[in-house]
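Q: From the sequence below, what's the structure:
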Amino acid sequence: MTTTNKTGTPGTNGTYQSGLRFSRRFFMAGAATAGAACGLGIAPAHAGRGDVAFLGWEGYDGAFKADDLLAEAGASFQPTYIAAIEDIITKLRSGGIGSVDLTTLIHQYVGFSAQSGLLDPIDESLVPNIAQMHPRFQQLDELLRVDGKLYALPFTYSSIPLLYNPEKVEVPTSWRALLDPAMKGRVVGFPDVMSMIVTWSRVANEGIEDPTRMTREQLDKTVEIMVQLKENSRTVPSSLGEISDMFGRGEIDMAMGWEPMLTWVEGTGVTLKIASPVEGTFAYFDTVNIAKDAPNRDLDHALINHGLAAETQKAFAEQNILGIVNTEAMGMVENPLVSEIYGFDEIEGYFGDKFLPGMFPLEPEGDFVSWDEVLGAYETYQRA
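A: Below is the predicted model:
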């Protein structure tokens with residue numbers, strides 16, 4: 001089976017490892033962190049004079065590579081692909097500021113990245129296609145602003161659903177199905193701190209509304225149940241490609257996954273379905289951002305506007321098996337699987353069993369655990 005990148009298109013890296021493992025110190029650090037990153041040999045994204053440097057997931061770049069706009073400006077499009085979401089922050093800190101134009105941060109990271117001086121605000125007057133965005137996504141505005149300035153625009157959405165093989169198991173109604181002793185060695189979790197913590201927090205702590213506002217006791221319960229999952233799992237996967245491959249080989253029957261994986265197993269004889277666990281499913285948005293001191297600011301706005309246009313969004317959804325935000329484009333999508341998965345006919349139906357958390361506090365906040373405490377708890381899970 002062909003390995004895949006984050007977007008599900010045939011690729012070379014075959015991984016999606018969005019670990020979200022930054023500490024508070026990393027977020028708040030300045031030049032010292034940048035120097036350390038350079039010392040680790042992480043190559044910053046650079047483009048030549050007049051070129052537009054894109055830093056993000058492979059497959060996402062196609063939405064913003066508008067050949068006509070680039071030709072008119074006498075510029076070329078230079079993508080640098082990431083293997084993990086943290087690569088964006090690291091590369092900006094290690095020489096990317098002033099040379100990178102566009103990035104694609106998950107919605108939870110926008111506020112802290114803006115506060116850390118890694119992003120420039122977006123001039124909404126230069127992106128008229130914002131008006132074509134579905135009202136459901138315009139409601140995200142407060143998550144994407146800092147001091148009233150807009151630092152991101154959502155352009156795609158998806159989730160971390162409970163996937164299962166209907167030929168092997170009954171429809172699971174709870175994430176606890178992955179803990180069933182009868183499924184030992186036939187399930188796996190997810191290679192991502194945030195996805196694991198927020199998902200299993202709602203299993204371990206009945207009635208918790210916002211997983212990013214947990215007490216220490218609730219976090220400890222979350223880790224305990226994550227360890228139970230680990231003990232019941234075939235392995236701890238290192239990538240989504242690995243999870244897909246295990247499904248395709250018939251080695252697992254249920255897993256935390258990603259919607260595009262429904263097509264990744266095509267040709268293996270395995271069909272996957274998406275369950276709707278009572279505890280809910282973690283949903284998120286990937287956004288487009290303008291990096292701090294971007295060298296092609298006006299052109300960047302034009303490319304973002306292109307990425308939000310109806311024709312562009314239609315093509316993006318069909319090529320990547322992902323959700324989109326342009327209302328007109330939703331009605332144009334011809335792939336029935338994509339429309340069904342993401343609820344283009346009824347967006348609220350898609351989000352009806354989902355939860356959309358913000359970010360854990362970076363600083364101590366009352367009785368709530370901080371992001372550093374979450375990272376420490378995840379390390380406890382890893383060592384178990």
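Q: Identify the residues contacting stretch 224-237?
A: The contact list for stretch 224-237, computed with C-beta atoms under 8 Å, 6 or more residues apart in numbering, reads 178-181, 183-191, 196-197, 200, 203-204, 243, 246, 251-252, 255, 381-382, 384. All C-beta spots, glycine's among them, are computed from the backbone N, C-alpha and C.
Q: One more pass at 6 Å, please.
A: Counting contacts by C-beta atoms under 6 Å, 6 or more residues apart in numbering, the residues outside stretch 224-237 that touch it are 178-179, 184-185, 187-189, 191, 196, 200, 203-204, 243, 252, 381, 384.
Q: For PyMOL, what selects the buried ones among these?
A: Here is the PyMOL command that selects only those of those that count as buried (16 or more other C-beta atoms under 10 Å):
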select buried, resi 178+179+187+188+189+191+196+200+203+204+243+252+381
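Q: Among the contacts of stretch 224-237, which one lies nearest to Thr327?
A: Of all these, Thr327 sits closest to Ile243, with 32.3 Å by C-beta to C-beta.
Q: which ones among the contacts of stretch 224-237 are found in helices?
A: Filtering the contacts of stretch 224-237 for membership in helices, criterion DSSP state H, returns Met196, Trp200, Val203, Ala204, Ile243, Tyr381.
Q: Just flag the most distant two among those residues.
A: If you compare every pair in these using C-beta to C-beta, the most distant one turns out to be Ala204 and Ile243, at 22.2 Å.
Q: Going along the chain, name the strands of the chain.
A: Residue ranges of the strands in the chain, as given by DSSP state E, are 52-56, 77-81, 102-103, 119-120, 145-146, 149-150, 153-160, 162-164, 187-188, 254-256, 273-274, 281-291, 323-324, 354-355.
Q: nearest to Gly343, of those?
A: Closest to Gly343 of those is strand 323-324 (C-beta to C-beta; 8.3 Å).
Q: Any stretches of the stretch 101-250 of the chain with poor pLDDT?
A: Counting by pLDDT under 70, not a single residue of the stretch 101-250 of the chain qualifies.
Q: Against Val369, how distant is the nearest residue to Arg186 once chain neighbours are set aside?
A: Closest residue in space to Arg186, ignoring its immediate chain neighbours: Asp253 at 4.7 Å, by C-beta to C-beta, 6 or more residues apart in numbering. For Asp253, the distance to Val369 under the criterion C-beta to C-beta, to the nearest Å works out to 33 Å.
Q: Likewise for Val288?
A: As judged by C-beta to C-beta, Val288 and Val369 stand 30 Å apart.
Q: What of Ala53?
A: Counting by C-beta to C-beta - Ala53 and Val369 are separated by 36 Å.
Q: One more: Trp57?
A: Using C-beta to C-beta, we find Trp57 at a distance of 29 Å from Val369.
Q: And Phe64, by the same measure?
A: According to C-beta to C-beta, Phe64 and Val369 sit 36 Å apart.
Q: Neighbour count: these two, which is higher?
A: The residue with the greater number of neighbours, taking Phe64 and Val369 and applying other C-beta atoms under 10 Å, is Phe64; the counts read 28 against 24.
Q: mind listing what the more buried one touches?
A: Contacts for Phe64 were tallied using C-beta under 6 Å, 6+ apart; they are Leu102, Leu303, Gly307.
Q: now, which of these sits nearest Gly349?
A: Comparing the contacts of Phe64 against Gly349 with C-beta to C-beta picks out Gly307 as the nearest, at 25.3 Å.
Q: For burial, what's the neighbour tally of that closest one?
A: Residues contacting Gly307 under the criterion other C-beta under 10 Å number 26.
Q: about what we covered before: from Asp286, how far out is the residue nearest to Arg186?
A: Asp253 sits at a distance of 29 Å from Asp286 (criterion: C-beta to C-beta).
Q: Ramachandran angles for Ser174?
A: phi -150, psi 150 (degrees, to the nearest 10).
Q: list the contacts for it?
A: If a contact means C-beta under 6 Å, 6+ apart, then Ser174 has Pro277, Val278 as its contacts.
Q: How about Leu262: what's its closest non-neighbour residue?
A: Setting aside the residues directly before and after it, Leu262 is nearest to Leu272 in space (C-beta to C-beta, 6+ apart), at 5.1 Å.
Q: Touching, the one you found and Pro260? I think so.
A: No - between Leu272 and Pro260 there is no contact under C-beta atoms under 6 Å: 10.6 Å.
Q: Now do the same contact list for the residue nearest to Arg186.
A: Taking C-beta under 6 Å, 6+ apart as the criterion, Asp253 is in contact with Asn165, Lys168, Val169, Arg186.
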